[in-house]
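1. Pasting the sequence and the predicted coordinates here, then a few questions.
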Amino acid sequence: MSAAGAERTQSAAGADRTLCAAGAEPGVSAAVDAAPKPAAPPPRFTPAHLLTGFLGSGKTTLLRRMLSDPALAGAAVLINEFGEVGLDHDLLERIDETTVLLQSGCLCCTIRGELADAVRGLLDRRESGAIPAFDRLVIESTGLADPFPILSTLRADPIASQHFRIGATIATVDAVNGAAGLAHRAELRRQVAAADRIVLTKSDLVAPEAASALLARLAALNPAAVVRDAHDPACAPGWLIADADASPRDAVAPDHAHAHGVGAVAFAIEPQGAVDWTAFGVWLSMLLNRHGDGILRVKGILAIDGEDAPVAVHGVQRLVHAPTHMAAWPDGRRASRLVFIVEGIDPQAVRRSFACFVGGGRGVG
Ligand SMILES: Nc1nc2c(ncn2[C@@H]2O[C@H](COP(=O)(O)OP(=O)(O)OP(=O)(O)O)[C@@H](O)[C@H]2O)c(=O)[nH]1
């Protein structure tokens, strides 16, 4: 992979739409929008959507797409990340007060109380006018979360249940790793089981027959859900959030238990100074090639030698995605960080190998 060849996906237009989504005035249609309009009162029940899907399956990518659609212009976003160093809110590049990050636990168990608190906090701030009057909530869970306890928390919390109704639950399934994941990961099976909409991502990276087979398998696993390829124009944000058929399945877990990656560990490396891109690329490819089964996810924002803008890097098991240039450093802070979620791999060994091949790095988590 080459940083020079990285796609520049963060257009100025995209940034404008992000501001628009935050409730700030976009710089377009000024004449039409000149007269102040009274703010619409918040709906009696605000739809709350859960965006689930295994690690690296494309949740944040889909969320970015959704938030750039006018249908979600008034949405608040709550992101849960596994590990001490959260990156998704930075990768989302939507920095505003209606984007809330919940870190370091798994939404489905250890921080269920925090989910209820965060949701209540959003409601309070909406009521007091401290944040724009969001008319929808999207919760992006960690890739290791079981969706059922999250849905039941929203349903059972005395305050949340007075203000939210559960909207469509959306699950992303990665065409590259999905078939193996369905065989080996209980979390993924439960994410598929909970979904009203299943979105097959990364079909562009596999043979068409493999994508069709996985689409059919997903439809068979959850006949109540509608399954679409992320690249299908019909898989539009408006469809994703449209009311799903009333169904009790989001209240009832398939086997009255819950599952998530209990053995998974998150840690971060914070490289000091700019990273040599070639050395990093070789190191990451070798690491994933050799230990891809144990390295469930790598993602990072890196300062690269000779580049002003940060580069976002993603690895998902053995797959290394094309790096992308971000528009600017989140918070204006030029600080590289790489987050790993591993199973059966010693974080110290990864740190030592990084220090050896790429250069110094401060470890976290
Ligand atoms: N080629 C291709 N890459 C994709 C597609 N969807 C997502 N990706 C890439 O997959 C990588 C992971 O995507 P994310 O959206 O960060 O995945 P995630 O599910 O939010 O990851 P976690 O929050 O860590 O679980 C990124 O490099 C994306 O650009 C797709 O349809 N095709």
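-> Ah, there it is. Numbering: from 1, shown residues only.
2. max-length strand in the chain?
-> Counting by DSSP state E, the longest strand found in the chain is strand 164-174.
3. Can you give the contact residues for stretch 275-289?
-> Residues outside stretch 275-289 that contact it (CB atoms under 8 Å, 6 or more residues apart in numbering): 1-3, 295, 298, 302-305, 311, 313, 315, 317-320, 336, 350, 353-354, 357-359. For the C-beta atoms, the positions are set from N, CA and C on the backbone; glycine is no exception.
4. Filter the residues you listed down to just the ones in helices.
-> The helices, defined by DSSP state H, take in V350, S353, F354, F357 from the contacts of stretch 275-289.
5. Check T52 and give its pLDDT.
-> T52 is assigned a predicted lDDT (pLDDT) of 96.
6. and it, that one's in a helix?
-> No: assigned with DSSP: H, G, I helix; E, B strand; the rest coil, T52 falls outside any helix and is strand.
7. got a list of what it touches?
-> K59, S141, A145, P147, I150, T169, I170, A171, T172, Q191, A194, A195.
8. Out of those, which two sit at the greatest distance?
-> Greatest spacing in these, by CB to CB: I150 and T172 (15.4 Å).
9. what's the closest of the contacts of T52 to the ligand?
-> Nearest to the ligand among those: K59, at 3.5 Å, using CB to the nearest ligand atom.
10. The closest one touches T172, doesn't it?
-> Yes: with contact defined as CB atoms under 8 Å, K59 and T172 form a contacting pair (5.3 Å).
11. Those two: who's more crowded?
-> T172 (28 against 24; other CB atoms under 10 Å).
12. Excluding residues flanking it in the chain, which one is nearest the more buried one?
-> G53 (3.3 Å; CB to CB, 6 or more residues apart in numbering).
13. Show the contacting residues for the one you found.
-> K59, G143, I170, A171, T172, V173, D174, Q191, V199, T201.
14. ok, how many other residues are close to the fourth one?
-> By the criterion of other CB under 10 Å, A171 has 28 neighbours.
15. Now for the residue nearest to it when sequence neighbours are not counted: which residues touch it?
-> In space, and not counting its chain neighbours, A171 is closest to A195: 3.7 Å by CB to CB, 6+ apart. Residues in contact with A195, defined by CB under 8 Å, 6+ apart, are T52, P147, T169, I170, A171, N222, A225.
16. So which of the residues you listed sits lowest on pLDDT?
-> P147 (89).
17. Could you find the closest non-adjacent residue to it?
-> A194 (3.9 Å).
18. thinking that neighbour is in contact with A145, fair?
-> No: contact criterion CB under 8 Å: A194 and A145 do not qualify, at 10.3 Å.
19. so when I look at I198, I'm seeing a helix, right?
-> No: per three-state DSSP, I198 lies outside any helix segment and is strand.
20. how near is the nearest residue to it once chain neighbours are set aside to A279?
-> Nearest in space to I198, with sequence neighbours left out and distances taken as CB to CB, 6+ apart, is V227 at 4.4 Å. Per CB to CB, to the nearest Å, V227 is found 41 Å from A279.
21. Who has more neighbours out of the two?
-> Set side by side, V227 and A279 show more neighbours around V227, with 23 against 14, by other CB under 10 Å.
22. How about the residues of the stretch 51-200 of the chain by the ligand?
-> Counting by CB under 6 Å from any ligand atom, the positions of the stretch 51-200 of the chain adjacent to the ligand are G53, L55, G56, S57, G58, K59, T60, T61, D88, G143.
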